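Student: When you get a sec, could you give me coordinates for this:
(one chain, ligands or ions: 1)
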Amino acid sequence: MLRHHPVLAKETYENLPHPLRLSFDGTFWHGGHVEYFFTHLEQDNPDECKNLKIVACDVDEKVMAKWKEFVAQRKNQISFYHSSYANIKEISQKEWLFDFMLLDLWVNLEHFKDGSRGFSIKSDAPLDMRFDTSKWQLASHLINKWSKEELEEMLIKYGDFTPRNAEYVVKWIIEKRKKSPIETTSDLTTTLHELWFWDKRIAVIFQAIRIQTNHELDQLETFLKDFWECLNIGGRCAIMTYHSIEDRMTKIAFKELEESGNFHLVNKKVIQPNYKEVEANKAARSAKLRIIEKVK
Ligand SMILES: C[S@@+](CC[C@H](N)C(=O)[O-])C[C@H]1O[C@@H](n2cnc3c(N)ncnc32)[C@H](O)[C@@H]1O
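Tutor: Numbers count the residues shown, from 1 in each chain. Prediction:
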């Protein structure tokens, strides 16, 4: 029984390469996709299922508990790294070349549900927002220490703010932090409510801060630069994005690889969830899936 609805799982499963011997899941969380693959492969291709090995990683140490649960059921078939998918080269050197790679970007729902980590605008918590609490600076550091220009650039780049709107928000944040530091999610939401911002707009600002805090685009950029060397011939890489910048980065990187003549785009048109999936799982609504195959 699947524990949750992994996004575009059917579409990803249908595009798995065969033979499938070694697969990489760079954003494991609950292993929803991996579990879907095992469940379906068991019926469709029992031999492949029996011999399949999964290498998984996630930066969030809280995922370790889930992984142990998972491994109890799939002994010897899965190994786990508490690491960023950006370390794909090192991971591949320790393992082997992969037949399949999957990134399912974005946060996991527990980041929002766990009110203590500062991801949600709905609960009061220290402004932390780090996926990996052993790395990076807290979100509060950036809000309180970054310059006007740096904060504006963050809102323009990751929050789609116009320069004028970014300046308006940042001026207010700086005004407030001069009086007392902005340390918690409520400090920040109160500051933004004073500008008459609705929760939806505030959530976009939180998202921009989260992307910056976790260096999410740098991680993706490194992966896109390195992953292709770690794929077998005939191997495929699938990337699921939820933000237009991530999708654009993936699209450009895949296009460049295709132009090299060594890769082929499995789907010319981006794959998106149908209305039924979105109805069942609202988190899927902005998902975009791109898949590429290494042909030589
Ligand atoms: C949307 S969830 C993945 C869900 C998973 N496919 C499933 O169905 O259970 C994204 C996960 O990526 C992790 N993550 C975010 N940035 C990462 C990075 N740079 N490297 C590895 N994992 C990362 C998050 O901690 C989160 O658990």
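Student: For the stretch 151-296 of the chain, which residues are neighbours of the ligand?
Tutor: By C-beta under 6 Å from any ligand atom, the part of the stretch 151-296 of the chain that sits against the ligand consists of Gln219. All C-beta spots, glycine's among them, are computed from the backbone N, C-alpha and C.
Student: Going by contacts, tell me the helices and strands next to the one helix or strand Phe24 maps to.
Tutor: Secondary structure from DSSP states H and E places Phe24 in strand 22-25. Using 3 or more C-beta pairs under 8 Å, 6 or more residues apart in numbering; DSSP states H and E as the contact test, the elements touching strand 22-25 are helix 32-44, strand 53-58, helix 88-94, strand 98-104.
Student: wait, which of the ones you listed is closest to Ile211?
Tutor: Of all the helices and strands packed on strand 22-25, strand 98-104 sits nearest to Ile211, with 15.1 Å by C-beta to C-beta.
Student: Can you point out the buried residues in that closest one?
Tutor: Phe98, Asp99, Phe100, Met101, Leu102, Leu103, Asp104 (16 or more other C-beta atoms under 10 Å).
Student: Ok, stretch 208-215 next?
Tutor: Ala208, Ile209, Arg210, Ile211, Gln212, Thr213, Asn214.
Student: quick check, nearest of those residues to the ligand?
Tutor: Asn214 (6.2 Å; C-beta to the nearest ligand atom).
Student: what about Lys94, neighbour count?
Tutor: Counted with other C-beta atoms under 10 Å, the neighbours of Lys94 add up to 10.
Student: how close does it get to Asn87?
Tutor: Separation of Lys94 from Asn87 (C-beta to C-beta, to the nearest Å): 10 Å.
Student: Count the residues that sit near the closest residue to the ligand within the stretch 1-150 of the chain.
Tutor: In the stretch 1-150 of the chain, the residue that lies nearest the ligand is Gly32 (2.5 Å; C-beta to the nearest ligand atom). Gly32 is flanked by 20 other residues according to other C-beta under 10 Å.
Student: need the contact list for the nearest residue to it once chain neighbours are set aside.
Tutor: Distances taken as C-beta to C-beta, 6 or more residues apart in numbering place Pro6 nearest to Gly32, at 3.2 Å, with adjacent residues excluded. The contact partners of Pro6, taken as C-beta atoms under 8 Å, 6 or more residues apart in numbering, are Gly32, His33, Glu35, Tyr36, Asp104.
Student: and if we set it to 7 Å?
Tutor: By C-beta atoms under 7 Å, 6 or more residues apart in numbering, the contact set of Pro6 is Gly32, His33, Tyr36.
Student: SS state for it?
Tutor: coil (DSSP: H, G, I helix; E, B strand; the rest coil).
Student: Please apply the same query to Ile211.
Tutor: Of the three states, Ile211 takes helix under three-state DSSP.
Student: Read off the pLDDT value for it.
Tutor: What the model reports for Ile211 is a pLDDT of 95.
Student: Ok, Gly118 next?
Tutor: Per-residue pLDDT puts Gly118 at 89.
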